[in-house]
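Trainee: here's my sequence, what's the structure:
(one chain, ligands or ions: 1)
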Amino acid sequence: MIQLANIDRLKQHLQTFSKFTATPNEGMTRYSYSPEDLKTRKYIKVQMEAYGLTVREDGLGNVFGKLEGTLTDAPSVLVGSHFDSVPHGGNFDGVAGVIAGLEVAALFHEQGIKPAYPLEIIAMIEEEGSRFGGGLMGSRGINGLIAEEDFQEIRDKNGNSVVEVMEQAGLDPTLPIHRDPKTMKAFLELHIEQGPVLEEENMTIGVVDKIVGLTQLEVMIEGRAGHAGTTPMDRRSDALITAANIVSKLPKLAKDEANGTVMTTGKFNVYPNGANVIPDKVIFTIDLRSGEEASIKRVLEKVKELIASEQKNGIKTSIQQKLYVQPKALSHEVYALLKNSTEKLGIPHISMQSGAGHDAMVFSDYTEAGMIFIPSKDGISHSPDEWSDVNHLAQGVDILFETAKQLTMDD
Ligand SMILES: [Zn+2]
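Mentor: Below you'll find the model as predicted:
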């Protein structure tokens with residue numbers, strides 16, 4: 001088997017990206033529009049230019065590098081992923097896919113390939129939602145799923161809007177105009193698996209056929225503050241006790257539903273957060289996922305009932321649904337192309353579902369979207385210990401390159 005992707009170049013990219021973190025030696029922290037984001041986007045643009053791509057940035061800060069095709073007004077084959085991270089995350093989530101896109105462009109460039117359809121490498125912002133919540137903001141913005149009023153109103157935890165933060169960073173914020181689906185022929189994304197399956201099965205590639213659906217809730221519990229020493233136990237409206245009670249019952253709701261349903265509370269803020277004050281407010285998140293939409297809906301109803309049932313003894317509860325994404329089958333056509341390329345290259349692979357939401361899922365409503373996974377060591381992700389083998393990444397690149405060549409050929 002001939003290796004097409006250049007391992008040294010991939011290593012160089014990985015090393016460079018890993019330096020652009022706000023928390024050196026404590027994992028990757030790269031929030032959208034932060035100084036680390038600005039350094040990363042600069043590096044991406046320099047690489048794109050070196051591979052002969054025409055670079056542009058949209059008003060959300062997504063970066064595009066385009067290799068024109070010979071056909072006029074033909075739709076692009078997009079390849080890419082996101083370059084933001086969670087706090088103290090790893091060096092591979094999102095970045096592996098951005099680097100894979102860059103390497104596909106490098107191979108087109110080196111081999112002097114003149115595609116019929118344009119090849120567009122894409123690096124997106126704010127997939128994780130670590131700064132503005134919700135997630136998938138880059139791909140949602142491209143595809144017209146962010147309303148102007150939300151664009152003005154979405155704020156980070158310091159109360160700054162996207163517009164303000166972008167302006168402070170010297171970027172030029174305008175909500176992108178909904179990209180005409182006719183300008184896209186396909187979207188390809190490589191991502192790390194973020195789970196243990198490929199490694200356990202000793203497989204190099206997972207060809208994704210379906211992405212689980214998810215919903216994210218922000219729950220607010222309001223009670224009454226009081227002195228920890230002078231307020232009798234039966235006179236309290238303790239927001240933290242109520243919140244803890246709710247959160248402790250969530251795992252059972254997910255387990256009872258089965259169908260691979262999972263539920264997580266990852267954020268939990270207590271106010272005023274003083275050792276001798278009864279908490280009067282708690283805000284926490286619930287992330288609920290399943291491959292079956294009916295399961296999401298059923299569990300969501302149970303969660304709402306559970307929270308409403310705590311509305312007593314001076315406790316007020318409210319729920320905001322921050323995100324709802326249906327489970328999705330990806331493009332059958334692109335799936336088949338990816339699978340064929342993988343087989344042709346003789347790379348060990350399986351078909352699998354994705355348990356995480358990805359930009360490909362957003363694109364799948366507007367174009368033919370396909371995804372491949374490479375193994376994550378010990379299944380670990382969103383952690384400084386996240387690690388993937390550069391050889392697996394290289395094989396993933398080869399598959400994307402083969403597939404992108406076919407998709408950009410005149411048909
Ligand atoms: Zn990701």
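Trainee: helices of the protein, residue ranges please.
Mentor: Secondary structure of the chain by DSSP state H: the helices cover 7-19, 35-50, 95-110, 137-142, 148-153, 162-168, 197-200, 239-257, 293-308, 332-344, 359-363, 390-408.
Trainee: which parts of the third one are buried?
Mentor: In other words, helix 95-110. 95-108 (16 or more other C-beta atoms under 10 Å). (Each C-beta comes from the backbone N, C-alpha and C, glycine too.)
Trainee: including pLDDT, could the residues you listed go into TSV?
Mentor: Formatted as TSV, the buried residues of helix 95-110 follow (pLDDT from 0 to 100):
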residue	pLDDT
Val95	98
Ala96	98
Gly97	98
Val98	98
Ile99	98
Ala100	98
Gly101	98
Leu102	98
Glu103	98
Val104	98
Ala105	98
Ala106	98
Leu107	98
Phe108	98
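Trainee: out of the residues you listed, which comes closest to the ion?
Mentor: Gly97 (7.5 Å; C-beta to the ion).
Trainee: the closest residue to the closest one other than its chain neighbours and Phe363: what is the separation?
Mentor: Leaving aside its chain neighbours, Gly97 sits nearest to Ser81 (2.5 Å; criterion: C-beta to C-beta, 6 or more residues apart in numbering). Counting by C-beta to C-beta, to the nearest Å, the gap from Ser81 to Phe363 is 11 Å.
Trainee: do His82 as well
Mentor: Taking C-beta to C-beta, one finds His82 at 12 Å from Phe363.
Trainee: try Lys339
Mentor: Applying C-beta to C-beta to Lys339 and Phe363 gives a distance of 19 Å.
Trainee: likewise for Ser76?
Mentor: Ser76 is 12 Å from Phe363, by C-beta to C-beta.
Trainee: what touches both of the two?
Mentor: Met184 (C-beta atoms under 8 Å, 6 or more residues apart in numbering).
Trainee: and the closest residue to the ion within the stretch 201-350 of the chain, what is it in contact with?
Mentor: Per C-beta to the ion, the residue of the stretch 201-350 of the chain with the smallest distance to the ion is Ile211, at 12.0 Å. Ile211 sits next to 327-328, 330, 353-354, 356-358, 360-361, 364, 371 when contact means C-beta under 8 Å, 6+ apart.
Trainee: compile these into a markdown table and extend it with columns for pLDDT.
Mentor: Shown next, in a markdown table, are the contacts of Ile211 (pLDDT from 0 to 100):
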| residue | pLDDT |
| --- | --- |
| Pro327 | 88 |
| Lys328 | 86 |
| Leu330 | 94 |
| Gln353 | 85 |
| Ser354 | 89 |
| Ala356 | 80 |
| Gly357 | 79 |
| His358 | 92 |
| Ala360 | 95 |
| Met361 | 90 |
| Ser364 | 94 |
| Met371 | 98 |
